[in-house]
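Q: Mind folding the following:
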Amino acid sequence: MRQSTYDTDTDLQDRAILVSLVTPNIKRGSSDPELSLQELVSLAETAGVEVLASMTQNKEKVDTKWFIGKGKVEELRAMSDELGATTAIFDQELSGAQVRNLEEALDLKIIDRTQLILDIFAQRAKTREGIIQVELAQLSYLLPRLSGHGKNLSRLGGGIGTRGPGESKLETDRRHIRDRISDLKNVLDEVVKHRTLHRERRRKSGVQQVALVGYTNAGKSTLLRELTQADVYVENQLFATLDPTSRNLELPSGKEVVLTDTVGFIQNLPHDLVAAFRATLEEVCEADLVLHVIDSASEMREEQISVVNNIMRELGADGKPTIMVYNKIDMCIGDDHQFLRAGGQDTLVMSAFNKDDLQRLLQTVQDKLSGDTRVFHVPADRGDLIALAYRTGDVIEQAVDGDIIKLTVELNKQDFKVHGHRLAAYAEQV
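A: Just a heads-up that it's a prediction; the model follows:
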């Protein structure tokens, strides 16, 4: 008999077979089964799993007991015996009963796509807020599945599916887990209030906000680093950035805005994860401008754009002024990228490592954020109003006429709404 895969040796690397079920409902859905399975390979490798093989089954409907058909279960067991697999990773979400049945039939650790993504987030979370958000998402996912994850949750070993809250929390009864979820939600409510307060302060100070969004590994963090010289983690892997990072960005005019990097999106992003990270993702909703960063070299870029747009719509941020930033143009082969150049004035094709491209992006951001030009006559002794004009807009011209200073200021609509009326209250607008 084969040795049980539920070994307590934490140094053993998970060796997995990936499994995908394709039904008519899945084909009609918004996700692409082929793209999804390709991503599952990348997700597994990002989590430190050795991928041995993959298998796909086309079936009319999901098997309520096994998820895949019974014959496919036998085929999977034979393949795992031959290859020495320790884990089976399913590309769709499984119920607790299906996990239990598959564990008993295969003697493998059973992980689904959602749990794998949550595991990667558990590895990436570094800040207190990020750790709390991941734990909340994991507990929300695991609570209805406790009976189906008996072996996984009782293992003393490491590997995927065991990171994050830890066995001491997961082996408590449902009441304690519900209490923990309630406590985490209360903490995140305070996070929401804290973030809202900071956003209001930034808004009152006249500082505009720009958010980087995009599919995971599109190059958002690289762009943030190259634009602001921020000391951020950059790596060619999925979800390299989890905790949001904000840095001051100086535009060509000298005006500063706040540039915020956000967690990358992915197809079938777990609902519990979106819910837990809503406080973080709301930064996008408050942004004055969104930079949608796209991997130009990806063959699935159109599908990835659609996924990002759908999640933005779910967040209520789909109507934001947006610049489509086709990044990684230096990685495109031949003329593959030529069609991108016809995207219009809100489209930019570039490489984050090209200084001229970065300057074009900065100018495009400035043009997008700039607004109407207004002229104010300000008393020369009102230094506070003069400073306010320089802080909240672009002072194009300044002329002195006796005790009056004539300021020609470029203000966008939001700036004028918040601060322009204050200027107008003390100055004669021409």
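
Q: And for the residue nearest to residue 228 when sequence neighbours are not counted, the neighbour number?
A: With CB to CB, 6 or more residues apart in numbering as the criterion, residue 228 has its nearest non-adjacent residue at 4.0 Å, and that residue is residue 247. All C-beta atoms are positioned from the backbone trio N, CA, C, and that covers glycine. Neighbour count for residue 247, taken as other CB atoms under 10 Å: 18.

Q: SS state for residue 247?
A: Of the three states, residue 247 takes strand under DSSP: H, G, I helix; E, B strand; the rest coil.

Q: which residues does it bridge with?
A: residue 259 (DSSP bridges).

Q: cool, residue 322 as well?
A: Here residue 322, judged by DSSP bridges, has bridge partners residue 290.

Q: residues contacting it?
A: Residues near residue 322 by CB atoms under 8 Å, 6 or more residues apart in numbering: 289, 290, 291, 292, 346.

Q: make it 7 Å
A: Contact analysis of residue 322 by CB atoms under 7 Å, 6 or more residues apart in numbering lists 290, 292, 346.

Q: Looking at these, which one is closest to residue 35?
A: residue 292 (18.4 Å; CB to CB).

Q: The closest one touches residue 321, doesn't it?
A: No. Shown here, residue 292 and residue 321 do not form a contact pair, counting by CB atoms under 7 Å, at 10.9 Å.

Q: hang on, the earlier thing: now a ChimeraX select for only the buried ones of the contacts of residue 322.
A: Entered in ChimeraX, the line below selects the buried ones among the contacts of residue 322, by 16 or more other CB atoms under 10 Å:
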select :290,292
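
Q: Verify the contact between residue 122 and residue 134 for me.
A: Yes. Contact status for residue 122 versus residue 134: in contact at 5.1 Å, counting by CB under 7 Å.

Q: domain ranges for the protein?
A: Using automatic domain parsing, the domains assigned to the chain come out as 15-170, 207-368, 371-429.

Q: And the strands in the stretch 151-300 of the chain?
A: 209-214, 245-250, 256-261, 289-295 (DSSP state E, counting those that start in this stretch).

Q: which regions of the stretch 301-430 of the chain sit below the pLDDT cut-off?
A: 334-345, 371-372, 392, 412-430 (pLDDT under 70).

Q: if we can go back for a sec, can I get the strands of the stretch 151-300 of the chain in CSV with mean pLDDT and distance to residue 357?
A: Shown next, in CSV, are these (pLDDT from 0 to 100; distance: least, CB to CB, whole Å):
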stretch, mean pLDDT, distance to residue 357
strand 209-214, 91, 15
strand 245-250, 86, 15
strand 256-261, 88, 16
strand 289-295, 94, 13
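
Q: can you list those in CSV and add distance to residue 61?
A: Shown next, in CSV, are the strands of the stretch 151-300 of the chain (distance: least, CB to CB, whole Å):
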stretch, distance to residue 61
strand 209-214, 35
strand 245-250, 44
strand 256-261, 41
strand 289-295, 34
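
Q: Nearest to residue 33, out of those?
A: Comparing these against residue 33 with CB to CB, the closest turns out to be strand 289-295 (20.2 Å).

Q: Dump the closest one to CSV, restricted to CA.
A: The C-alpha trace of strand 289-295 is given here as CSV (Å, rounded to 0.1, in the frame of the first residue of the first chain):
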residue,chain,number,x,y,z
LEU,A,289,-7.8,58.8,-12.1
VAL,A,290,-7.2,55.1,-12.7
LEU,A,291,-4.2,53.7,-14.6
HIS,A,292,-5.3,50.3,-15.9
VAL,A,293,-2.0,48.5,-16.5
ILE,A,294,-2.1,45.7,-19.1
ASP,A,295,0.5,43.1,-20.0
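
Q: For that strand, which outside residues touch it?
A: Residues from elsewhere that reach strand 289-295 (CB under 7 Å, 6+ apart): 210-215, 217-220, 223, 284, 301, 304-305, 308, 320-328, 365, 368-369.

Q: after that strand, next one along is what?
A: helix 301-315 (DSSP states H and E).

Q: got the buried residues for that next one?
A: Buried residues in helix 301-315, counted by 16+ other CB under 10 Å: 301, 303, 304, 305, 306, 307, 308, 311, 312, 315.

Q: Now do that helix against strand 289-295: the angle between them, please.
A: Calculated by axes from the mean of the first three to the mean of the last three CA atoms, to 10 degrees, helix 301-315 forms an angle of 150 degrees with strand 289-295.

Q: Just list what helix 301-315 packs against, helices and strands only.
A: Packing partners of helix 301-315 (3 or more CB pairs under 7 Å, 6 or more residues apart in numbering; DSSP states H and E): strand 209-214, helix 278-285, strand 289-295.

Q: for the ones you listed, which one sits closest to residue 67?
A: Nearest to residue 67, of those and by CB to CB, is helix 278-285 at 29.3 Å.

Q: Include distance to residue 271 when you put the helices and strands packed on helix 301-315 into a markdown table, please.
A: Listed next are those as a markdown table, based on distance: least, CB to CB, whole Å:
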| stretch | distance to residue 271 |
| --- | --- |
| strand 209-214 | 18 |
| helix 278-285 | 11 |
| strand 289-295 | 22 |
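
Q: ok, how many other residues are close to the nearest residue to residue 77 once chain neighbours are set aside?
A: Once flanking residues are discounted, residue 77 sits nearest to residue 106: 5.2 Å by CB to CB, 6+ apart. Residues contacting residue 106 under the criterion other CB under 10 Å number 21.

Q: Residue 398 versus residue 106, what's the distance?
A: Taking CB to CB, to the nearest Å as the measure, residue 106 falls 75 Å from residue 398.

Q: so when I look at residue 409, I'm seeing a strand, right?
A: Yes. According to three-state DSSP, residue 409 belongs to a strand.

Q: quick one, what contacts it?
A: The contact partners of residue 409, taken as CB under 7 Å, 6+ apart, are 374, 376, 389, 393, 394, 395.

Q: one more time with 6 Å, if that's ok
A: 374, 389, 393, 395 (CB atoms under 6 Å, 6 or more residues apart in numbering).
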